[in-house]
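Participant: Here's a sequence, model it:
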Amino acid sequence: QVQLQESGPGLVKPSQTLSLTCTVTGGSITTNYYYWTWIRQPPGKGLEWIGYIAYSGNTYYSPSLKSRTSISRDTSKNQITLQLRSVTPEDTAVYYCSRDPSDSPSDFWGQGTQVTVSS
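Facilitator: Numbering: from 1, shown residues only. Predicted coordinates:
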């Protein structure tokens, strides 16, 4: 059974960089053909797709967040990392990571982690 667990600071100051880690157990992040995705849900709003890193290491980001986003991986630790730069209070959200099979909906999700951007 694949499990995903998000972790990181719950509070970030405006203009700083938000860094979150998704630790994956029960499966390798390099296994063909899975995509490891970050999604967020601001309070009172719907889900927003942030981007993914593929089994191959390729990345793709939402155009609206691309200029501030980096997704990377540590294959030795089986972890995915999200960095979101120059955050504002509008980046306050619950952040999730998920596993997406190629051409299929997400099949596993983390429980999510709340991030608040505030001074």
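Participant: distance of Trp109 from Thr88?
Facilitator: Here the criterion is Cβ to Cβ, to the nearest Å. By it, Trp109 lies 26 Å from Thr88. For every residue, glycine as well, the C-beta is placed using N, CA and C.
Participant: out of those two, which sits in the busier spot?
Facilitator: Under the neighbour definition other Cβ atoms under 10 Å, Trp109 and Thr88 were set side by side, and Trp109 has more, 15 against 10.
Participant: Which residue is the nearest non-sequential neighbour of the more buried one?
Facilitator: The spatially closest residue to Trp109, leaving aside those adjacent along the chain, is Ser98, at 4.7 Å (Cβ to Cβ, 6 or more residues apart in numbering).
Participant: Show the model's pLDDT score for the one you found.
Facilitator: Ser98 is assigned a predicted lDDT (pLDDT) of 97.
Participant: Tell me if it really is in a helix.
Facilitator: No. Counting by DSSP: H, G, I helix; E, B strand; the rest coil, Ser98 is located in no helix; its state is strand.
Participant: change the start of the numbering to 36 and stick with it
Facilitator: Taking 36 as the first residue, the last one we looked at is Ser133.
Participant: My guess is it contacts Thr72. True?
Facilitator: Yes. Contact status for Ser133 versus Thr72: in contact at 4.9 Å, counting by Cβ atoms under 8 Å.
Participant: Point me to the residue sitting closest to the centre of the protein.
Facilitator: For the chain, the residue nearest the mean C-alpha position is Trp73 (2.8 Å; Cα atoms, centre = their mean).
Participant: re the thing from before, so what sits against both of Ser133 and Thr72?
Facilitator: Overlap of the contact sets of Ser133 and Thr72 (by Cβ atoms under 8 Å, 6 or more residues apart in numbering) consists of Ser141.
Participant: Looking at these two, which one has more neighbours?
Facilitator: Comparing Ser133 with Thr72 by other Cβ under 10 Å, the one with more neighbours is Thr72, at 23 against 19.
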